[in-house]
Structure formats: structure tokens, C-alpha cells
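Asks: I would like the atomic coordinates for the input below:
(2 chains)
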Amino acid sequence: MHETGAAPPDGRRERTQERPVLAADNVVQRFGGIAAVDGVSLSIGRGEIVGLIGPNGAGKTTMFNLLAGAMSPTAGRVLIGGEAVEASPAHRRITLGLGRTFQIPKPFPNMSLVENVMLGRQNQAGERILPNWIMPGRVAREEKETYDKAMALLDFVTLTHLARQPAKVLSGGQRKLLELARVLMADPSIILLDEPAAGVNPSLLEVIIDRIVEINRRGTTFLIIEHNMDMIARLCSHVFVMATGKLLCEGTPEAVAADPRVIEAYLGGGHLL
Amino acid sequence: MLDLLNLGLAGYIAFFLATALSYSILCLGLNLQWGQTGLFNVGVAGFAAVGAYTSAILTTPPSDMHFGGFGLPIVVGWGGAMLVSAAVTGFIGLATLRLRSDYLAIATFGVAVTIQLVALNAQWLTGGPFGIGFIPRMFGGLAGNALAFNFANLATIAVVVLVLYLALERLVRSPWGRVLRAVREDEEAATSLGKSPARYRLQAFVLGGAIMGLGGAVQAHFIGFIAPENYLPTLTFQVWTMLIIGGSGNNLGAILGGVVIWALWALSGSAIQAIFPPEQQARAAALQITGIGVLLSVALILRPRGLLGEKIIVSRHMDLADTLAPPASAKAE
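Replies: Here you go, the predicted structure:
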């Protein structure tokens, strides 16, 4: 489906030249007098894994929320598959193929893992009131399918043994995995990951990285906010760097890490890699 | 209710259970709103009042004391009660459902107080402080035989509760109910999965309000008389206690809570009558509310899930899978 790059490690690919699946065009977000995001444009091609990095306060999370629809920008456009979506409500994003996870995971804590994942399915007849009465057979069939797929996804993220436990029993890393399974249930074409490595123990982090590569291999695009530069370098073919609300530079992880502007933005952080 | 003295034990039990189950109806409505969806509605009394007054106006014979008196059948009254309560809840919901938890509580509390004040003051509509009497009672023809009358009412109310229970279970255990719980647990996460919280909150609020309206109507036709003082915040407090003690998030718990708390309420009332001299009884009645409040606090500390808490897996169609692969078959990690 996609040509794999020759050299890069793990799942990295070359940038594709196709029409972008996700793009921001001169996006601005002001909070009072402060422009948290100040005229950022970026574009992400189909099948890429792209990183978004920057020091604390750079506006990454705001940018992420604008792309995910959690807020609409003061100015500028957000395009999914070429369609302008900046004004459409947040719950429409996933039907357009854009799924997200949260920096601090948001499972439904008192619900079982399998039901957490089942909620990711789109267009379930049974999610409207009437079909539960007038077409119970169809609802039951869909539920069976949804259940089977949810269990398969829990297996994929190594959580099968906890399928019937409430999500509140999970560790931080397991919650990240649950969110991944939940968003995959919706078959998104692009997934935004907000700090997937934060607070995750190293062995579980390997599982997460491995699963991202595997999902990407099946054609799904990723945008990842992450402070773990090792993870960024292993996964991303292209990195956007933000500082003080603007796009500072972009390029391969290696090029970006060597860029003096980036090093300076990190307040003399020295070696990034 | 002096005729209670002549009821005998069986008759009293029927009377008690019929009353308790009428509270269970209110409790089922609150369970949909709070137990499933997390809507902090502390205006239960107001929605019950809307249902009770609607049904009373629709079914009483023509009267100068209040609006209408349309003399319609009781079933029409019940249907009207549900429709009008749903409309009122929908209107209030559109205005308030964007409010988060405690703000919604303040708003609904205000609405309930307003409704009670309208009932008290809009005399042309509600009869004002005199209330509405001569509300047709179910099986009124049996009124001469208190035992038969109470059992017939108990059977009818029990059927209403059963039908509501089955209908609610189907919904709550459906994908629709699953979304309600997701909205309750984390609105932002539910949104990211394509669910519109506003839509589901409004649906649960309106459906719960309609059920509360039905509960109010059922009570009105059982007692035969309603007045504004029936719909003070005490009623809201009772129904909340019933739900928390019975088990929020569990429809069977809501029904059980109604019966248990009403039993405690009735017992404590009798105890106060037995213990305190007549001139002190009006003041001693405050002990009832205090006692229930203490019970509620203790329950929240010792058993916050209530008698029957919410199950971990609620969705239907997954019951079969329950019996399949035990956790041991899962991959070791």
C-alpha cells in the first residue's frame, strides 16, 4: 500500500507527497490577549507518523485541541481530507476519520474495559432509543460484532485478561493502551496521540511503540505530541517544532534535533538526542 | 387517613406497598437521570407536581375551584402527565443542561421551588392552597371495601412499576444506555468517540422527567387529593435518599430503595407518635428528616454503592460471553 523507506529504523517512512489527510492553515487561537497558537500551518500526508514537539508552553496542546476539535480556532482553517472542519462540533471529528487520545488518559472508570472499547464504534443503531424497540434483531447482531471486535482489540493491546474489570483498576500505561484500543474501534484514518509515553513504564512503552508501528503499517496516519525524543526518533519521519505559539521549524528528527534554534528554544537543553 | 385504623394488617401492608411503589416510580426516573447519566437533578418534587396536577386537571369533574376539570379517564390523565412533564423537562433541559453538576442542581432546585409556588399561588389553575380534591381514584368502586381497594391499587401500581422496569432495563442495557454512562463518566472522552453529550443528556433528562410526572400522577390518583405542600423539597430529599440507599445505577435498587426508605419513614412516623405527647408531635416530626439524613450520611460512608449497586457490565447481548472463557485462558503477562 505504501512504500517503506529504505533506511529509517522501526516504522519510519519517507514523507508522502499525496494530498494531506490532516492540515492546518494559518491557525490562530487567542486566550484574551495571548495568542497560544499564532498562525501555525502544517500538513500531514496519508500513512505518515509525524511528531509535534516543543518546550512547555509552546502551544502544542492548544494546537492539538484545535486539530481534535475540542476548541475552534480564533482564525485559520483545519482541514481533514481537504474538507474544512474548524467550525464543526468536536463529536463529528471521529466520523470524519480523526480519533484522539488524551495526555492524562480518560477511560470510563466504572465501566468494564470491553464496554469502554465498544463505545468507540460509530453509527450503532442501538445508540438511538427507538431501534432498541423496533429493530432489536439488528441491534443484537451489531452488538455481537461490536463485542467481538472489541475483544480482538483488547487482545491487540494485551489487555484481554482484564476485559471484564472496571477501567479504574488499570495502571497509567494500561490506560494509554485502553485508549488506543478504544479509538481503533472507530477505524479512524488518522490518530492524534497526546504524550503516549508519559508516565508509562519502559516495558509497556515498548508495547505501545510496537502497536503504533503495527497500526501504521495497516495505513493509519499518526500525529504524536511527545517529550520522549527517543520515541519520536524511532517512530516519526517528520517533526514539527513549536515555540511560543509559532512553528519554529520542521524536518526529520535528526535535522530538527541539530537545529540551533530548537536547542535554543529548549533553553540550552543541550543534546536532544 | 383515619380509615387506616380499620384496615387490618393485610390491608395496611397493601396500602404501604402501594405508596412505597409509587415512590419507586419517582426513583426510577431519578435513576435514569442521575444513576445512569449523572444529571444532578434536585427538582424531583417539581416534576412530580407537574405530573400530579396535569393528571388531576385532566381527570377531575368540572370545577370552579381550579382550571378545567375535564373528566377524562385516568389513563388519559397518566399519558397527559407524562407528556406535559416531558415538555416541561425538555424546556428546562434546553436552558440548563449545559450547566455542570452543582450548577444544574441549583437550577433544578430553583425550578422546583418555582413550580411549587405556582401551585400555591396560581389559584385559577391549581386551586392554590386548597389543592385539588375529588381526583378519581383507581377502583373507586371498591372504596367501600378498604382491603380490596388497597390490593387493587397495589396490583395496578405494581404493574406500572414492572412495565417501567422492563422498559428501562432494555434501554439502560442497550448501546444507548452505554453512551449515557460514558457521558456520566467522562464527557470529553465520550465526545472524542463521536457521542454528542448534549443530545444524550437531554434525552435522559426528558425521559426521566416524564417518568417522574407519571409517578406524581399515580400518587395523586391513589390518594385522591393533592396540595402544594406535597411538593416541598422534602419529597426530592426522600427520593434521593431512596436512590442512594437502594443503589444508584441499578433499576432494581431504585425500586428497593423506594420500599425500604418508605418503610423507615412510616416506622419512624409511628414511633414519633408513640413516644411523644400530642402537643410535641408536630415538632418531633423534624426528627424523621434528621434521622433519614443521618442514615443517608452513614450509608454514603459505609456502603456508597447502596444495597444493590451498579454492575460492572451492564450491556445486554454479552451475557452469553460471561459464561465463556474465564480470565485464566487469557494470555499471561
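Asks: all contacts plus neighbour counts: C-alpha atoms, from now on.
Replies: Will do.
Asks: Tell me, how many residues neighbour the closest residue to chain B within the stretch 151-273 of chain A?
Replies: Residue nearest to chain B within the stretch 151-273 of chain A (CA to the nearest CA): residue A:161, separated by 5.0 Å. Per other CA atoms under 10 Å in any protein chain shown, the neighbour tally for residue A:161 reads 19.
Asks: Let me know the pLDDT of it.
Replies: Per-residue pLDDT puts residue A:161 at 94.
Asks: Point out where the stretch 1-150 of chain B drops to low pLDDT.
Replies: The model of the stretch 1-150 of chain B has pLDDT under 70 over residues B:1-7.
Asks: Pull up the residues of the stretch 1-150 of chain A that are close to chain B.
Replies: Counting by CA under 8 Å from any CA of the partner chain, the stretch 1-150 of chain A comes close to chain B at A:90-95, A:99-100, A:106-112, A:115, A:119-122, A:124, A:126-129, A:132, A:140, A:143-144, A:147.
Asks: could you redo the last one with a cut-off of 6 Å?
Replies: Proximity of the stretch 1-150 of chain A to chain B (CA under 6 Å from any CA of the partner chain) is limited to residues A:91-92, A:94, A:108, A:111-112, A:120, A:126-128.
Asks: of all those residues, which two lie farthest apart?
Replies: The most widely separated members of the residues of the stretch 1-150 of chain A next to chain B, counting by CA to CA, are A:92 and A:112 (25.0 Å).
Asks: For burial, what's the neighbour tally of whichever residue of the stretch 1-150 of chain B sits closest to chain A?
Replies: Nearest to chain A in the stretch 1-150 of chain B, going by CA to the nearest CA, is residue B:36, at a distance of 11.5 Å. Applying other CA under 10 Å, we find 25 other residues in the vicinity of residue B:36.
Asks: List the contacts of it.
Replies: Contact analysis of residue B:36 by CA atoms under 6 Å, 6 or more residues apart in numbering or on different chains lists B:180-181, B:249.
Asks: Likewise for residue A:58?
Replies: By CA under 6 Å, 6+ apart, residue A:58 lies in contact with A:242-245.
Asks: where does it fall, phi/psi-wise?
Replies: Main-chain torsions, residue A:58, degrees, to the nearest 10: phi -70, psi -20.
Asks: and what of residue A:33?
Replies: Main-chain torsions, residue A:33, degrees, to the nearest 10: phi -90, psi -10.
Asks: For burial, what's the neighbour tally of it?
Replies: Using other CA under 10 Å, residue A:33 has 6 neighbouring residues.
Asks: can you check residue B:297 too?
Replies: When neighbours are defined as other CA under 10 Å, residue B:297 has 15 of them.
Asks: Is it in a helix, a strand, or coil?
Replies: The three-state label given to residue B:297 by DSSP: H, G, I helix; E, B strand; the rest coil is helix.
Asks: re the thing from before, quick one: which of the contacts of residue B:36 is the most crowded by neighbours?
Replies: For the contacts of residue B:36, counting by other CA under 10 Å, the largest number of neighbours falls to residue B:249: 29 neighbours.
Asks: Could you list which residues are in contact with it?
Replies: Going by CA under 6 Å, 6+ apart, residue B:249 touches B:35-36, B:310.
Asks: Name the SS class of it, please.
Replies: Of the three states, residue B:249 takes coil according to three-state DSSP.
Asks: Excluding chain neighbours, what is closest to it?
Replies: Ranked by CA to CA, 6 or more residues apart in numbering or on different chains and with sequence neighbours excluded, the top spatial neighbour of residue B:249 is residue B:35, at 4.0 Å.
Asks: The most centrally placed residue in chain A: which element?
Replies: For chain A, residue A:192 is the residue whose C-alpha lies nearest the centre (CA atoms, centre = their mean; 1.6 Å). Element membership of residue A:192, judged by DSSP states H and E, is strand A:190-194.
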